[in-house]
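S.K.: Need coordinates for the following:
(one chain, ligands or ions: 1)
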Amino acid sequence: MWPFSSSYPTVKPSGCRDQTGRRGTAGCCLASRLSEDPNVTVLLIERGCVADTWVNAVSLISSDIFKKDSIARPLNSLPQAHADHRVIPLMRGQASGRISRVNAMIYTRGVPADFNRWADMSHSDWSYEKVLPFFVKSETTLSHPGSTFRGKNGPWVNQVFSHESWPILPHCAQIDIAIDRNMKRRSTYSVFLPPSVVRSRQDRLKICPDTISERIVFTTNTSMRPRSSGVEFGHRDGTGASYFAKANRKIVVCCGAIESPQLLLSGIGPSDHLKAHGIKVIVDNPGVGSHLKDYVDVPVMWNIPLNESIHVVLEKPLQAVFELAKYLISGKGIFSDLFVHLAIFLPSRLLNENTKIVAPDITDLDSTLPQNGSDLEIKPMPIHGLDPPPDATIIRIKEGFMNFMICLLRLRSTGAVHLNSPDPYERVSCDLRMLSDPEDLAALTKGVRLSINLAERVRAQGYPMKMFHRPASKYDAEMLLSRCGQYTR
Ligand SMILES: Cc1cc2nc3c(=O)[nH]c(=O)nc-3n(C[C@H](O)[C@H](O)[C@H](O)COP(=O)(O)OP(=O)(O)OC[C@H]3O[C@@H](n4cnc5c(N)ncnc54)[C@H](O)[C@@H]3O)c2cc1C
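M.R.: Numbers count the residues shown, from 1 in each chain. Below is the predicted model of the structure:
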């Protein structure tokens with residue numbers, strides 16, 4: 001029943017046999033772009049559901065990843081030896097459009113330095129110059145009328161929001177949020193595979209939800225390199241038959257950072273690991289499953305008046321009804337919006353121990369140079385930032401929160417994904433080895449200090465903030481991080 005049900009055109013696994021197989025979904029974008037060509041047939045296999053309902057487009061509701069019926073599901077990491085032995089819930093989306101259906105909708109593209117760094121690693125097609133036209137093609141910005149490097153005619157609508165009511169820090173950047181003119185979430189699903197697109201391409205684009213790709217099938221011939229010939233797949237709960245989709249051209253694997261290696265390990269990976277699970281080695285590639293990185297968030301939180309925090313809709317039911325009505329009538333208010341509007345991006349190497357910018361050489365300010373990419377992001381946001389306790393879905397609170405969330409974007413620590421079994425329906429083990437490299441801790445420490453300084457400056461301007469959750473010491477990194485709550489993601 002609307003707004004909870006959907007009439008999205010999909011097919012069942014049994015209807016996909018002998019189709020040309022393509023896999024995955026950053027995949028929504030890829031499937032959409034590939035099927036623009038009428039001569040290309042695309043099959044998109046997705047473990048999650050479609051979730052094409054009204055509530056999934058409401059920013060505030062859809063982004064609550066901890067609610068019971070969220071389309072995000074955590075996969076717990078192994079205990080992290082360098083992060084107080086915490087188990088980190090790694091959030092994975094389970095719907096078409098994936099994590100972009102539940103994420104914070106921040107539309108950040110990165111600066112030229114980020115892409116030029118990839119080019120420097122010998123991926124020349126990923127330089128800023130090469131990728132810029134694709135970004136421009138994909139987006140419509142509602143907020144940067146004079147910009148020559150922002151798109152005006154693409155499907156991915158985004159905009160920045162005014163922050164007049166906020167005790168604003170002059171150094172924050174306003175960030176673009178993937179929300180359209182009607183104040184609806186723009187996920188890769190709604191942007192690239194809306195029902196109208198899928199219906200108009202039904203002859204060549206099949207969407208098969210609630211389905212798991214079990215294994216890539218290879219043809220091996222001693223005279224040739226192994227070639228993938230198709231994919232075996234079945235219902236996501238593991239019941240019923242397995243099917244085979246033949247790939248006439250290519251299989252695109254885009255199951256995210258954790259499950260892409262899991263799928264590849266059906267034949268491509270470190271030979272010892274595959275043999276230990278009785279899997280036939282098609283290609284011995286030690287890189288599969290290694291180099292796992294996930295960014296680290298550390299919250300520094302302050303109490304603020306409840307009415308200024310998003311938690312007001314949880315704590316005051318009447319206010320929630322009022323806000324919902326406002327959203328339904330005008331598309332405005334808390335339900336339309338997300339909690340992150342501002343961010344500071346910076347390279348931690350430019351900060352000294354007192355969080356002052358070290359007098360930069362002129363080249364330090366060149367945003368195209370690979371070494372100048374930011375490794376820290378600080379986001380002021382009016383929301384509690386700790387993961388809820390495992391047995392709680394809602395944190396009951398009496399005051400609001402201002403959270404200066406410090407995110408380590410470029411990690412030196414790397415972890416790994418390992419199979420627990422050859423069964424594709426079984427979860428993998430994830431060891432992020434979070435903070436195992438001391439340089440990560442050093443960068444985060446600078447970020448935490450800077451956040452505290454910024455928050456204190458906001459408070460000095462007269463904004464009523466009371467310390468709620470912050471490190472006891474500004475200068476002891478161990479103390480700082482052990483007191484500073486959880487690392488999320
Ligand atoms: C809570 C949270 C908030 C975030 N906020 C932002 C933000 O505001 N802005 C931003 O830019 N980034 C944000 N990110 C990061 C961003 O959303 C992800 O980096 C991005 O979505 C990754 O895309 P992906 O396609 O690689 O993987 P995913 O989005 O994870 O997609 C993987 C998909 O593959 C499917 N799948 C997995 N295994 C199989 C299988 N065997 N068979 C079939 N299907 C399978 C899964 O169901 C899933 O739908 C956030 C991430 C999280 C967790």
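S.K.: Confirm residue 78 sits in a helix?
M.R.: No - Residue 78: not assigned to a helix; according to DSSP: H, G, I helix; E, B strand; the rest coil it is coil.
S.K.: Show me the protein divided up by domain.
M.R.: For the chain, automatic domain parsing gives the domain ranges 1-106+183-254, 159-176+293-415+436-483.
S.K.: Can you add mean pLDDT, distance to the ligand and mean neighbour count and give those back as TSV?
M.R.: The C-beta positions use only the backbone N, C-alpha and C, and glycine is treated the same way. Formatted as TSV, the domains of the chain follow (pLDDT from 0 to 100; distance: least, Cβ to the nearest ligand atom, whole Å; neighbours: other Cβ atoms under 10 Å):
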stretch	mean pLDDT	distance to the ligand	mean neighbour count
domain 1-106+183-254	78	3	18
domain 159-176+293-415+436-483	80	7	17
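S.K.: Nearest to residue 423, out of the ones you listed?
M.R.: Closest approach to residue 423 among the domains of the chain (Cβ to Cβ): domain 1-106+183-254, 8.3 Å.
S.K.: Off-centre distance for the closest one?
M.R.: Taking Cα atoms, centre = their mean, to the nearest Å, one finds the center of domain 1-106+183-254 at 15 Å from the center of the full chain.
S.K.: could the domains of the chain be laid out in JSON lines, adding distance to residue 142?
M.R.: Output for the domains of the chain, formatted as JSON lines (distance: least, Cβ to Cβ, whole Å):
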{"stretch": "domain 1-106+183-254", "distance to residue 142": "11"}
{"stretch": "domain 159-176+293-415+436-483", "distance to residue 142": "4"}
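S.K.: if you skip the residues just before and after it, what's nearest to residue 38?
M.R.: Of all residues not flanking residue 38 in the chain, residue 204 sits nearest, at 6.6 Å (Cβ to Cβ, 6 or more residues apart in numbering).
S.K.: So the one you found is in contact with residue 43, correct?
M.R.: No - between residue 204 and residue 43 there is no contact, the gap being 9.7 Å when judged by Cβ atoms under 8 Å.
S.K.: which neighbours do these two share?
M.R.: With Cβ atoms under 8 Å, 6 or more residues apart in numbering applied, the contact sets of residue 204 and residue 43 do not overlap.
S.K.: Report the contact partners of residue 454.
M.R.: 169, 344, 378, 380, 404.
S.K.: longest helix anywhere in this structure?
M.R.: If you go by DSSP state H, the chain has its longest helix at helix 438-460.
S.K.: For the helix or strand following it, which helices and strands make contact with it?
M.R.: For helix 438-460, the following helix or strand on the C-terminal side (DSSP states H and E) is strand 466-469. For strand 466-469, the packing partners by 3 or more Cβ pairs under 8 Å, 6 or more residues apart in numbering; DSSP states H and E come out as strand 296-304.
S.K.: any chance of the contacts of residue 454 in JSON lines, with secondary structure too?
M.R.: Formatted as JSON lines, the contacts of residue 454 follow (three-state DSSP):
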{"residue": "169", "secondary structure": "coil"}
{"residue": "344", "secondary structure": "strand"}
{"residue": "378", "secondary structure": "strand"}
{"residue": "380", "secondary structure": "strand"}
{"residue": "404", "secondary structure": "strand"}
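S.K.: Name whatever forms a beta bridge with residue 342.
M.R.: Beta-bridge partners recorded for residue 342 (DSSP bridges): residue 174.
S.K.: I'd like the distance between it and residue 304.
M.R.: Counting by Cβ to Cβ, to the nearest Å, the separation of residue 342 from residue 304 is 15 Å.
S.K.: Ok, residue 173 next?
M.R.: 22 Å.
S.K.: Surely residue 320 forms part of a helix?
M.R.: Yes - counting by three-state DSSP, residue 320 is found in a helix.
S.K.: For it, give me its contacts.
M.R.: 312-314.
S.K.: mind redoing it with 10 Å?
M.R.: Residues in contact with residue 320 (Cβ atoms under 10 Å, 6 or more residues apart in numbering) are 312-314, 334-335.
S.K.: Quick check: residue 360 touching residue 350?
M.R.: Yes - using Cβ atoms under 10 Å, residue 360 is in contact with residue 350, at 6.2 Å.
S.K.: Spell out which residues are contacts of both of these two.
M.R.: By Cβ under 10 Å, 6+ apart, the residues touching both residue 360 and residue 350 are residue 372.
S.K.: could you pull out the strands for the stretch 101-250 of the chain?
M.R.: Counting by DSSP state E, counting those that start in this stretch, one finds strands in the stretch 101-250 of the chain at the ranges 139-141, 156-158, 173-174, 205-208, 211-219, 227-235, 242-246.
S.K.: can you tell if the second one touches the ligand?
M.R.: So that's strand 156-158. No - Strand 156-158 lies out of reach of the ligand by Cβ under 6 Å from any ligand atom, never closer than 10.6 Å.
S.K.: packing partners for that strand?
M.R.: Strand 156-158 sits against helix 128-138, strand 139-141, helix 188-192, with contacts defined as 3 or more Cβ pairs under 10 Å, 6 or more residues apart in numbering; DSSP states H and E.
S.K.: Return the most buried member of those.
M.R.: helix 188-192 (a mean of 26; mean count of other Cβ atoms under 10 Å).
S.K.: Using CSV, write out every CA atom in that helix.
M.R.: Provided in CSV are the C-alpha atoms of helix 188-192 (Å, rounded to 0.1, in the frame of the first residue of the first chain):
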residue,chain,number,x,y,z
THR,A,188,21.8,6.8,-7.6
TYR,A,189,18.6,4.7,-7.8
SER,A,190,16.2,7.6,-8.2
VAL,A,191,18.7,9.5,-10.4
PHE,A,192,19.7,6.7,-12.8
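S.K.: any idea how far residue 456 is from residue 442?
M.R.: From residue 456 to residue 442 the distance is 22 Å (Cβ to Cβ).
S.K.: can you tell me which residues contact residue 381?
M.R.: 104, 299, 301, 309-310, 338-343, 401-405.
S.K.: let me redo that: residue 379
M.R.: With contact set as Cβ under 10 Å, 6+ apart, residue 379 has these partners: 104, 106, 172, 175, 297, 299, 339-345, 385, 403-407, 451.
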